[in-house]
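**Student:** Predicted model follows, preceded by the sequence.
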Amino acid sequence: MLRRADRPRLVDRVVNTLREWILQGELAAGTPLLQEDLAARLAVSRTPLREAFRVLEHDGLLRVSNNNGTVEVVAFTSTTMREMFELRLAIDGLAARLTARAGLRPAARAQADALLSELAASTEPYDPRRRYEAHASFHTLFVIESGNRRLQSMVPLIRASSAALYLPFVDNPPPSSSSTAERGPAIPSCWPGPSTTTRPYWTPLPPDGPSTPKLRPEPTSAARSTP
């Protein structure tokens with residue numbers, strides 16, 4: 001019999017596994033989730049599976065029908081994308097400010113540099129799965145380094161929004177890698193680097209603009225000093 005102390009750990013494992021299957025596209029949007037099949041695949045009973053469904057429904061990744069109890073993977077609409085990245089504007093900016101205030105540990109800086117290199121490597125040839133993982137990990141790193149536990153609870157949203165941004169290109173690749181090369185991470189302005197380096201950062205979406213974030217170059221130190 002499953003001990004009570006083990007139950008949260010089991011539910012967390014099921015939640016994390018299902019979340020990654022959804023974000024990686026193994027469970028595509030619109031896919032109905034059959035409890036019997038998933039329970040057998042995960043080697044768990046239906047009780048932790050139902051609890052995991054409730055968590056993922058709260059995260060916005062699953063939809064549960066009130067009529068017949070059908071569970072299916074949610075499709076990301078343009079409205080959903082806009083709402084997620086409006087939140088990301090606040091989350092990423094706050095994470096950067098808190099991390100800058102505390103100081104970035106050498107190990108974390110090395111990890112961030114490695115993730116930026118991974119992002120660059122995913123551009124040519126364009127690899128949306130590789131880019132998604134590096135993009136989500138880069139921003140998650142700053143949220144973790146911020147030390148704010150409430151902010152850290154937003155990590156599932158970061159991974160979901162990064163997945164929604166890049167994974168559609170897995171089955172529908174862009175015409176050329178150059179059209180997607182600018183879609184880099186929101187690098188904090190406090191990030192150390194040469195003053196001549198142009199680094200991208202998020203800008204607010206216009207009310208009637210496209211559903212994905214736009215990037216604009218951050219002014220160099222020289223440009224900032226110009227009246």
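**Tutor:** Here it is on my side, so go on.

**Student:** most centrally placed residue in this structure?
**Tutor:** For the chain, the residue nearest the mean C-alpha position is Arg159 (2.1 Å; Cα atoms, centre = their mean).

**Student:** helix or strand for that one, which one?
**Tutor:** Counting by DSSP states H and E, the element that carries Arg159 is helix 155-166.

**Student:** where's the residue nearest to the centre of the chain relative to Thr47, distance?
**Tutor:** Separation of Arg159 from Thr47 (Cβ to Cβ, to the nearest Å): 26 Å. C-betas here are computed from N, CA, C, even on glycine.

**Student:** same thing with Glu118?
**Tutor:** Taken as Cβ to Cβ, the spacing of Glu118 relative to Thr47 amounts to 39 Å.

**Student:** Which of the two has more residues huddled nearby?
**Tutor:** A count of neighbours by other Cβ atoms under 10 Å puts Glu118 above the other of Glu118 and Thr47, at 17 against 13.

**Student:** Was I right to think the more buried one contacts Tyr132?
**Tutor:** No - under the criterion of Cβ atoms under 8 Å, Glu118 is not in contact with Tyr132, lying 11.0 Å apart.

**Student:** Check which element follows the helix or strand containing Arg41 along the chain.
**Tutor:** With elements delineated by DSSP H and E, Arg41 resides in helix 35-42, which encompasses its position. For helix 35-42, the succeeding helix or strand toward the C-terminus, using DSSP H and E, is helix 46-58.

**Student:** follow-up on the earlier one: what comes up buried for the helix holding Arg159?
**Tutor:** Judged by neighbour count (16 or more other Cβ atoms under 10 Å), helix 155-166 contains these buried residues: Pro156, Leu157, Ile158, Arg159, Ala160, Ser161, Ser162, Ala163, Ala164, Leu165, Tyr166.

**Student:** so Arg63, which of the three states?
**Tutor:** Classification of Arg63 into helix, strand or coil gives strand, according to DSSP: H, G, I helix; E, B strand; the rest coil.

**Student:** what residues are up against Ala163?
**Tutor:** Ala163 sits next to Ile22, Leu23, Gln24, Tyr132, Ala136 when contact means Cβ atoms under 8 Å, 6 or more residues apart in numbering.

**Student:** Kindly recompute the last result at 10 Å.
**Tutor:** 19-20, 22-25, 61, 76, 128-129, 132-133, 135-136 (Cβ atoms under 10 Å, 6 or more residues apart in numbering).

**Student:** Can I get these in TSV including distance to Arg105, neighbour count and pLDDT?
**Tutor:** Putting those into TSV (distance: Cβ to Cβ, whole Å; neighbours: other Cβ atoms under 10 Å; pLDDT from 0 to 100) gives the following:
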residue	distance to Arg105	neighbour count	pLDDT
Arg19	27	21	87
Glu20	27	13	86
Ile22	32	24	87
Leu23	27	20	80
Gln24	29	14	79
Gly25	33	17	81
Leu61	31	23	85
Phe76	34	19	82
Pro128	30	23	88
Arg129	28	15	85
Tyr132	25	23	89
Glu133	22	21	89
His135	21	26	94
Ala136	20	22	92
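
**Student:** Turn those into a markdown table, including secondary structure and distance to Glu36.
**Tutor:** Formatted as a markdown table, the entries for the contacts of Ala163 read as follows, by DSSP: H, G, I helix; E, B strand; the rest coil; distance: Cβ to Cβ, whole Å:
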| residue | secondary structure | distance to Glu36 |
| --- | --- | --- |
| Arg19 | helix | 20 |
| Glu20 | helix | 21 |
| Ile22 | helix | 19 |
| Leu23 | helix | 23 |
| Gln24 | coil | 23 |
| Gly25 | coil | 23 |
| Leu61 | coil | 20 |
| Phe76 | coil | 27 |
| Pro128 | helix | 32 |
| Arg129 | helix | 29 |
| Tyr132 | helix | 30 |
| Glu133 | helix | 31 |
| His135 | helix | 35 |
| Ala136 | helix | 31 |
